[in-house]
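> structure of the sequence below:
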Amino acid sequence: MNRKLGWEEITGILFFMAGAGMLGVSVFLSFSSDLWYDEVFTMGLAGQSLKGLVSTTARDVHPPLYYIIVKLFLLLFPSVAVEGQVIITKLVSVFPFFLCLIYSAVKVRKHFGMLSAGIFAFLLLAMPQMADYTVEMRMYGYAMFFLTAGMLHAYELTISRDKGRKDYINWIALTFYGLAACYTHYFACVGACMIYLYVLLFFCKEGRIKRKWKEFLVSGFLCVAGYLPWLVSAVTFQVGQVKENYWIQPLT
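Numbering: from 1, shown residues only. So this is what the prediction gives:
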């Protein structure tokens, strides 16, 4: 027997469809050859060897993961002309927003209902300047996705009362997304630290830290250990460069 949808579910579905529609517009906007300086830099990095890409990025002001993702996608289409590579790279920027919608439909809907999932999906694409950011050939969409997914898995850890397979999957996901965020943007690294702090404070508040400290420490250690090689590079090359010569002028 078919269940009748309530107004909250119907409204949520409409919001979700509106968000998906805006993302469809972003796909359409990807079929353009317009570029600005940082996007040209992205294309130049993606065209280098993997070793050259990482080496060059170490002397820039961002971690390398986004550029590696772009390079991997472009390797799937080796014979495409430059104009086609630009379109592919813009579609690569749209891709994490599709993943955010999937998490909205699965994780957000599961815990907060269809109305919240729909509003989440809609507001994600309706934020100011988001039509630009969804197709911009930069790392911001991936930073948003990694932090969003990491936070949703962290939330599931806080509401879980049993040690089981789902718990371990969430710990693995939190570690993976946290490390990926760190390797995507330094502000995203701060966000990943805040997610871990949220989990720690919640466990302490609920008196569950004695049962969860091993998993928390292992996850945190793997994240820090995985990021440490790049952190050394960032401190060695990038901090001094930003301090001495950067486009953002000192505040007056």
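> make it CA atoms for all contacts and neighbour counts henceforth
Fine.
> give me the low-pLDDT residue ranges for the stretch 51-200 of the chain?
Residues of the stretch 51-200 of the chain meeting the criterion pLDDT under 70: 162-163.
> correct me, but residue 33 touches residue 82?
No - with contact defined as CA atoms under 8 Å, residue 33 does not reach residue 82; the gap is 9.3 Å.
> for residue 20, give me its contacts.
101, 121, 122 (CA atoms under 8 Å, 6 or more residues apart in numbering).
> so which bits of the helix or strand hosting it are buried?
Taking DSSP states H and E as the criterion, residue 20 maps to helix 7-29. Of the residues in helix 7-29, those buried under the neighbour-count criterion (16 or more other CA atoms under 10 Å) are 9, 11-16, 18-20, 22-23, 26-27, 29.
> how far off centre is stretch 198-207?
Put simply, stretch 198-207 sits 24 Å off its chain's centre (CA atoms, centre = their mean, to the nearest Å).
> which of the residues in it are buried?
Quick answer for stretch 198-207 (16+ other CA under 10 Å): 198, 199, 200, 202, 203.
> tell me the pLDDT of residue 247.
Residue 247 carries a pLDDT score of 51 in this model.
> contacts for stretch 116-132 next, please.
Residues contacting stretch 116-132 (CA under 8 Å, 6+ apart): 11-20, 22-23, 26, 100-101, 104-105, 108-109.
> show me where the stretch 51-200 of the chain has its helices.
Counting by DSSP state H, counting those that start in this stretch, one finds helices in the stretch 51-200 of the chain at the ranges 65-75, 82-103, 109-112, 114-126, 130-133, 140-159, 165-182, 186-206.
> between those, which gets nearest to residue 39?
helix 82-103 (9.1 Å; CA to CA).
> which other helices and strands contact that closest one?
With contacts defined as 3 or more CA pairs under 8 Å, 6 or more residues apart in numbering; DSSP states H and E, helix 82-103 has these neighbours: helix 7-29, helix 65-75, helix 140-159.
> next SSE after the longest one?
Read it as helix 7-29. helix 37-46.
> and that next one with helix 65-75, angle?
60 degrees (axes from the mean of the first three to the mean of the last three CA atoms, to 10 degrees).
> buried set for helix 37-46?
Of the residues in helix 37-46, those buried (16+ other CA under 10 Å) are 39, 42, 43, 45, 46.
> again, but for stretch 65-79
For stretch 65-79, by 16+ other CA under 10 Å, it's 65, 66, 67, 68, 69, 70, 71, 73, 74.
> how far away is the first one from residue 171?
Summarising the geometry, the distance separating residue 65 from residue 171, computed by CA to CA, to the nearest Å, is 21 Å.
> likewise for the fifth one?
Relative to residue 171, residue 69 is positioned 23 Å away (CA to CA).
> kindly report the same for the fourth one.
If you measure residue 68 against residue 171 using CA to CA, the figure is 25 Å.
> SS state for residue 5?
coil (DSSP: H, G, I helix; E, B strand; the rest coil).
> torsion angles phi and psi at it?
phi -70, psi 140 (degrees, to the nearest 10).
> how many residues are close by it?
9 (other CA atoms under 10 Å).
> before we move on, the earlier item: tell me the most packed of the contacts of residue 20, by neighbour count.
Neighbour max across the contacts of residue 20 (other CA under 10 Å) = residue 121, 29 neighbours.
> between the buried residues of stretch 65-79, which is nearest residue 135?
For the buried residues of stretch 65-79, the nearest to residue 135 is residue 70 (12.9 Å; CA to CA).
> coming back round to it: so for residue 223, which of the helices of the stretch 51-200 of the chain sits nearest?
Among the helices of the stretch 51-200 of the chain, helix 165-182 sits nearest to residue 223 (CA to CA), with 5.3 Å.
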